[in-house]
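# sharing a sequence plus its predicted fold:
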Amino acid sequence: MKYYRILGLVGAIIAYPFIVVSIFLTPWFNFYNNALSDLGNIARNSPVAYIFNTGLFLSGFLVASFASIHSLRNRSWRHLSWSILLVLTGLDLALIGIFPEDAGRIHGIVSVIFFSLMIIVMFVYGFSSIVSKNHLTGLLAFVSSIASATIWIVKWGWRGVAIQETLTSLIASIWLIIVSLRRNNM
């Protein structure tokens, strides 16, 4: 396994222990009424917020590092089309940790961009994989992209978005783990 693939694997999972610990340390948090970002609100949830925000920053940094190295090692359009988008996605996730919920409007902007980029990068990866004759991988990426978009489009019966955030991030993490483990990343 190429060493940089470990960055993708760890980046895909590192935020979850931080999120789980933050949930356990925040008795008022409710998946139906809150956003995961509520856990990172420093004014409302300090010092737990620092745990949550650190997990997002680390994950984003590792994902961006994985995608950057992949971009440098694989300069064909089929790889660059998705890996550059993944660099931006990872950097944006790190920005969510840097600009938590109580940072104001910028938090909402980077959060929407992050979830949108996740959907787009999986879709582009799916297209690039199919062009590269990796139909199963491409189909999995398309299904992941469409499922993630659907989760955000559907009107759910609860007030918060933590469930949608959790489901779409898990889908993206599974996709990233598969990408990181693939021999040619497609």
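Sure thing, it's come through.
# just give me the neighbour total for residue 133.
Look at residue 133: counted by other C-beta atoms under 10 Å, it has 9 neighbours. In short, each C-beta sits where N, CA and C put it, glycine included.
# kindly apply the preceding question to residue 13 instead.
Around residue 13 there are 13 residues (other C-beta under 10 Å).
# same check, this time on residue 118
Neighbours of residue 118 under the rule other C-beta under 10 Å: 26.
# what do you get for residue 54?
Counted with other C-beta under 10 Å, residues neighbouring residue 54 total 16.
# one more: residue 178?
Neighbour number of residue 178 under other C-beta under 10 Å is 16.
# measure it to residue 117 for me?
In this view, residue 178 and residue 117 are 18 Å apart by C-beta to C-beta, to the nearest Å.
# what helix or strand is residue 91 on?
For residue 91, the host element (DSSP states H and E) is helix 77-98.
# residues in contact with stretch 127-138?
Residues outside stretch 127-138 that contact it (C-beta atoms under 8 Å, 6 or more residues apart in numbering) are 77-79, 81-82, 125-126, 139, 141-142, 178, 182, 186.
# so which bits of that stretch are buried?
Across stretch 127-138, burial judged by 16 or more other C-beta atoms under 10 Å covers 127-130, 134, 137-138.
# now residue 161. Its backbone dihedrals?
Main-chain dihedrals, residue 161, degrees, to the nearest 10: phi -120, psi 10.
# for the closest residue to it other than its chain neighbours, what are its contacts?
Distances taken as C-beta to C-beta, 6 or more residues apart in numbering place residue 35 nearest to residue 161, at 4.8 Å, with adjacent residues excluded. Contact analysis of residue 35 by C-beta under 8 Å, 6+ apart lists 101, 160-162, 165.
# ok, and the most crowded of these?
Greatest neighbour count in those, by other C-beta under 10 Å, goes to residue 101: 23 neighbours.
# residue 110 is in contact with that one, correct?
No. Using C-beta atoms under 8 Å, residue 101 is not in contact with residue 110; the gap is 10.8 Å.
# pLDDT score for the closest residue to residue 173 other than its chain neighbours?
Among residues not flanking residue 173 along the chain, residue 12 sits closest, at 4.3 Å (C-beta to C-beta, 6+ apart). pLDDT for residue 12: 98.
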